[in-house]
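Enquirer: I would like the atomic coordinates for the input below:
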Amino acid sequence: MNPRDFLPVDWERSTLLGRVQTAEGPTPVVIADGKVFDVSRIAPTSADFIASWEGRLPSKAPVLAEVSSLQFYTDWDSASRQPHLTLLAPVDLQCIKAAGVTFAVSALERVIEERARGKADGAQAIRDALSKRVGADLHTVRPGTPEAARLKQLLIADGLWSQYLEVAIGPDAEVFTKAPVLASVGWGTLIGVRADSAWNNPEPEVVLVCNSRGEVKGATLGNDVNLRDIEGRSALLLGKAKDNNASCAIGPFVRLLDDTFTLDDIRRAVISLEVVGEDGFRLHGESSMAAISRDPLELAAQTLSSHHQYPDGFALFLGTMFAPVEDRDTPGHGFTHKQGDIVRVSTPSLGMLENKVTTCAAAPPWSFGISALMRNLAARGLLNGPAA
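Expert: Numbering: from 1, shown residues only. Predicted coordinates:
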């Protein structure tokens, strides 16, 4: 695929940070002015580049290729492959964090999972009852306000309170670790869903990319693969539901903040989702950042504080309002993934993240960790450069 097919619509005037697998190893690159610049001698890692980003590409970065000359192939593309660059997740040493229950719709769905004990067949009746009682209130209340506190007391009195509503309207956001450093997969790769999950879905999200001071330096797209049945059995199974092999997809590139792309563009973004199954099933949905209950800067501030630091920066999934309830097979059981599903997450300003669903066990195992990266960078003489 030509990269212009999955880059932002205005890619020719944007500045995009990514990582590619070259013969030498993982290499941070920047797309700007129609060219792909190799920035590894300036910043050997994506985290280093984010730390140094001040709105302008250093002039001494060598040109790796012209965007017009590149071709990228997905893991499942069986066509004859010409020499090409493999696209990796655009983050490396950053910690991968995620904010949950940041939209009213997803808050209700988490409560439904909890009350249904992870069983999809009872979800619709619970959904109808909860929506009648608290749906409108959740859409209008601002978390942490006196109005939210009053709503909490009313829900407790009605026996409707939930730990998910606590983070939806309480003062403290839910922020958890989605994946280990270097475990994320990028555009065109297989994503993993546990074979023992019978109720799951994609979660299309904006992902902030921040430096060690918590300053937002860019944004990209993410798929926070979600196992509803496992988390629904118990919130203490969140790690089992969220952190699995190939279960965190990020990409295709980080769009860096500059004169053409600002925080307000992130706040206005509408994230589209498309799922295309080998069985002919198609699903479309959208998640509007305008409906988020906490501002992106508030979520970033709650992630990094005096209580927790990230010396290599962090990437933060902002949550989604998308929770598919359309029946795929059995009436009343809603949506769940099948192997072979193509998942596309997109928005004009950030491009398109495309992946294909397989099981966690069948996806390529994660074997290239921090020590392997450090050895590779040292062998290439990249740890003694300007960013060291």
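Enquirer: Please count neighbours and contacts with C-alpha atoms only from this point.
Expert: Fine.
Enquirer: Could you report the pLDDT at the residue positioned nearest the centre of the chain?
Expert: By Cα atoms, centre = their mean, the chain has its centre lying nearest to residue 222, at 2.3 Å. On pLDDT, residue 222 comes in at 98.
Enquirer: Show me the beta-bridge partners of it.
Expert: Beta-bridge partners recorded for residue 222 (DSSP bridges): residue 205, residue 250.
Enquirer: How about residues contacting stretch 251-262?
Expert: Outside stretch 251-262, the residues within contact range by Cα atoms under 8 Å, 6 or more residues apart in numbering are 6-7, 13-19, 55-56, 87, 89-90, 186-187, 209, 217-222, 263, 350-353.
Enquirer: quick one: which of the residues you listed sit in helices?
Expert: Helix and strand membership here follows DSSP state H; of the contacts of stretch 251-262, those in helices are residue 263.
Enquirer: Just the buried ones among the contacts of stretch 251-262, please.
Expert: Among the contacts of stretch 251-262, those classed as buried by 16 or more other Cα atoms under 10 Å are 6-7, 14-19, 87, 89-90, 186-187, 209, 217-222, 263, 350-353.
Enquirer: taking those one by one, which sit in strands?
Expert: 16-19, 87, 209, 217-222, 351-353 (DSSP state E).
Enquirer: quick one: which of those residues is nearest residue 381?
Expert: Comparing these against residue 381 with Cα to Cα picks out residue 19 as the nearest, at 17.9 Å.
Enquirer: how many neighbours does residue 121 have?
Expert: When neighbours are defined as other Cα atoms under 10 Å, residue 121 has 14 of them.
Enquirer: just residue 64 next, same as before
Expert: Neighbours of residue 64 under the rule other Cα under 10 Å: 14.
Enquirer: Please apply the same query to residue 173.
Expert: Here the number of neighbours of residue 173 (other Cα under 10 Å) works out to 22.
Enquirer: For it, list the residues it contacts.
Expert: Taking Cα under 8 Å, 6+ apart, one finds 99, 100, 102, 167, 299, 302 in contact with residue 173.
Enquirer: Tell me how far it lies from residue 143.
Expert: In this structure, residue 173 and residue 143 are 9 Å apart, going by Cα to Cα, to the nearest Å.
Enquirer: before we move on, back to that, how about the ones in strands among the buried ones among the contacts of stretch 251-262, which pair is most distant?
Expert: Distance extremes for those: the farthest pair is 87 and 217 at 20.8 Å, using Cα to Cα.
Enquirer: between the ones in strands among the buried ones among the contacts of stretch 251-262, which is nearest residue 192?
Expert: For those, the residue nearest residue 192 by Cα to Cα is residue 222; the value is 13.9 Å.
Enquirer: need the contact list for that closest one.
Expert: With contacts taken as Cα under 8 Å, 6+ apart, residue 222 has the following neighbours: 203, 204, 205, 206, 207, 248, 249, 250, 251, 317, 345, 353.
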